[in-house]
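[1] model this:
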Amino acid sequence: MSGNLVEDIQRLKVKRKAVILAHNYQRPEVQDIADFVGDSLELSLCAAQTDAKVILFCGVDFMAETAAILNNDKTVLIPDRNAICPMAAMLPAELVQLYREKYPNSKVVLYINTLAEAKAHCDAVCTSANSAEIVNRMDSETVLFGPDWNLAQYAKDHTDKTLVPIPKFGFCPVHILFNQEAILALKKLHPDAEVLAHPECPPEVCEVADFVGSTSKIYRQALVSKARKFIIATEVGLIHRLKKGRGDVTFIPAYEEAVCAHMKLHTLEKVYLSLKHMRYEVTVPPQIMALARNAVDVMLETRETLT
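    Model prediction:
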């Protein structure tokens with residue numbers, strides 16, 4: 001390794017014929033060396049359109065699994081194998097099976113923030129952007145939805161179907177930190193600011209937001225809005241990308257400590273070592289991959305609302 005880590009990474013990337021993907025919540029320096037920055041599904045689809053042989057995914061476990069499911073002809077690496085999603089871990093496959101037995105006539109829609117083994121037992125996968133649309137497409141009056149309770153409530157407000165959350169109170173440890181009172185206080189200090197929130201936030205936060213959407217939708221809204229100030233209610237990593245996209249406005253974190261420690265495990269050093277030693281490979285068993293891919297494909301039929 002030379003004295004310039006970024007150059008070493010770029011050299012190894014060419015050698016390995018690799019593409020580097022970074023989720024919006026990654027460290028700024030990791031975002032800056034990535035070929036693509038965005039949401040998990042958005043990134044996996046970007047990788048599928050390249051001729052790369054290796055995908056280095058700077059995100060959490062379920063994201064790397066999704067990349068492997070959608071790119072089974074490529075090697076998928078994750079720089080730190082301890083980068084797990086706590087919310088995805090709240091919904092093991094056994095729990096999905098248990099609920100299916102309890103509600104045999106109901107369809108199951110799972111948020112993309114689930115592990116592949118859970119996806120293998122659902123009828124369709126959704127993103128934070130198209131959750132209600134996917135639920136509405138199911139041919140059952142009752143739909144089992146997991147693992148995020150807050151997203152289930154958001155989808156419930158946009159559908160006439162009965163939603164049963166699985167587990168009962170699944171949540172994102174970061175988005176659960178936002179509260180309405182703090183955002184209203186910030187809004188009072190900055191009355192001209194537009195509040196942009198992620199639907200994983202509690203319902204009362206979404207109620208006072210001017211715009212609710214996935215990280216990619218929040219990014220696009222900030223680019224087209226006429227507002228000069230934005231209060232951002234999602235993980236603080238997105239603000240780096242927002243500032244790069246629109247440096248002429250002010251972005252205010254709704255909560256400065258809204259940090260996903262698992263996302264931040266990836267560093268430039270780990271990216272370098274991952275490419276150098278081809279570690280840590282993410283694989284999905286063939287049977288689980290096939291079933292999970294079927295569920296993802298149901299969602300991919302509505303490409304225009306993916307992100």
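[2] tell me where the stretch 51-200 of the chain has strands.
    Secondary structure of the stretch 51-200 of the chain (DSSP state E, counting those that start in this stretch): strands located at 54-58, 75-77, 107-111, 124-126, 142-146, 162-165, 194-197.
[3] residue 263: which of those strands is closest?
    When those are compared by Cβ to Cβ, strand 54-58 sits nearest residue 263, at 8.3 Å. Using the backbone N, CA and C atoms, a C-beta is placed for each residue, glycine as well.
[4] list the pairing partners of that closest one within its sheet, with orientation.
    strand 18-23 (parallel), strand 75-77 (parallel) (DSSP bridges).
[5] using TSV, lay out the strands of the stretch 51-200 of the chain together with distance to residue 279 and mean pLDDT.
    Listed next are the strands of the stretch 51-200 of the chain as TSV, based on distance: least, Cβ to Cβ, whole Å; pLDDT from 0 to 100:
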stretch	distance to residue 279	mean pLDDT
strand 54-58	10	96
strand 75-77	7	97
strand 107-111	28	97
strand 124-126	28	94
strand 142-146	31	97
strand 162-165	37	96
strand 194-197	37	98
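[6] the bottom helix or strand of the protein by mean pLDDT?
    Least confident helix or strand, the chain: helix 40-48 with a mean of 80, by mean pLDDT, DSSP states H and E.
[7] just give me the longest helix of this protein.
    Across the chain, the longest stretch assigned as helix under DSSP state H is helix 286-300.
[8] for that helix, which positions count as buried?
    Neighbour-count burial for helix 286-300, counted by 16 or more other Cβ atoms under 10 Å, picks out 288-289, 291-293, 295-296, 298-299.
[9] neighbours around the closest residue to residue 193 other than its chain neighbours, how many?
    Closest residue to residue 193 apart from its sequence neighbours, by Cβ to Cβ, 6 or more residues apart in numbering: residue 229 at 3.8 Å. Neighbours of residue 229 under the rule other Cβ atoms under 10 Å: 15.
[10] doesn't residue 249 make contact with residue 229?
    Yes - with contact defined as Cβ atoms under 8 Å, residue 229 reaches residue 249; the gap is 6.5 Å.
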